[in-house]
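> here's my sequence, what's the structure:
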Amino acid sequence: MADSQVTLSPVTIDPALALLEFSSIAAGVLAADAMVKKAPLDIIRAGTVQPGRFLVLVGGPVAEVEEALKAGLEAAPDVLNDHIFLPGVHPDVVRALAGERSIKTDDALGIVETITVPAAIHAADKGVKGASVNLMEIRLADGLGGKGIVFFTGAVADVEAALDITDSALEAKQKVRRVVISQLHADLAEVLHAGSHFGTQLGWRR
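Prediction:
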């Protein structure tokens, strides 16, 4: 991923993943501590993202992740922006969170833009599980004002199906916009395949 997001080993695939987004950094650290004390976990990532939010991501066996999530939800419910629990998280989502981008030349590009980080990850998981699409990229929070963006590629009908699935999975308050471009111009495709962050295209240091 182009932004400073959670870092996972690209070969680590866990049966469950949970992510919590807090509007308070202090409360987020408190919740993360409660989570790791509650159950043994295989993956623990926690830290700040723009604009002043705190993310806690955990992965591992379903029961342990569910127990940790419960502890996190109870720790600071007043400043919890959003959260997800994904038992059986799709391997492509894990790879995208690890920073991998999957570039394939396909007919259509689908974009899902969300208010929160958990909503974007939820959309990515639902879309790639429910339709024959390629998960090109997930971008989260930093450089996006806290929002999330998911890019799918594939045949037009498949991309439309993926976005219909994500639309049904998300609440209205989690959504910004969804777009399907049936035939992306070759010049723009080349630009987006290189990276969706404007600054990197101009050589800005990040």
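> restricting to C-alpha, output stretch 105-117 in CSV.
Extracted in CSV, the C-alpha atoms of stretch 105-117 (Å, rounded to 0.1, in the frame of the first residue of the first chain):
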residue,chain,number,x,y,z
THR,A,105,-5.2,-5.7,-17.4
ASP,A,106,-8.9,-6.1,-17.3
ASP,A,107,-11.9,-4.4,-18.9
ALA,A,108,-13.3,-2.6,-15.9
LEU,A,109,-12.2,-0.8,-12.8
GLY,A,110,-14.5,-0.6,-9.7
ILE,A,111,-13.8,1.8,-6.8
VAL,A,112,-15.4,1.8,-3.4
GLU,A,113,-14.7,4.8,-1.2
THR,A,114,-15.6,4.6,2.5
ILE,A,115,-15.7,6.9,5.5
THR,A,116,-13.7,4.6,7.8
VAL,A,117,-10.8,2.1,7.5
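> which parts of it are buried?
Under the neighbour-count criterion of 16 or more other CB atoms under 10 Å, stretch 105-117 has 106, 108-117 buried. No exception for glycine: its C-beta is placed from N, CA and C like everyone else's.
> is F54 bridged to anything, and to what?
Applying DSSP bridges to F54 gives these bridge partners: F22, T48.
> next step: the buried residues of stretch 105-117 restricted to helices.
Among those, the members falling in helices (DSSP state H) are V117.
> how is this structure carved up into domains?
16-89, 92-195 (automatic domain parsing).
> and the ones you listed: which comes nearest G203?
For the domains of the chain, the distance to G203 is smallest for domain 92-195, at 11.4 Å, taking CB to CB.
> quick one: end-to-end length of that closest one, please.
This stretch, domain 92-195, spans 18 Å end to end (CA to CA, to the nearest Å).
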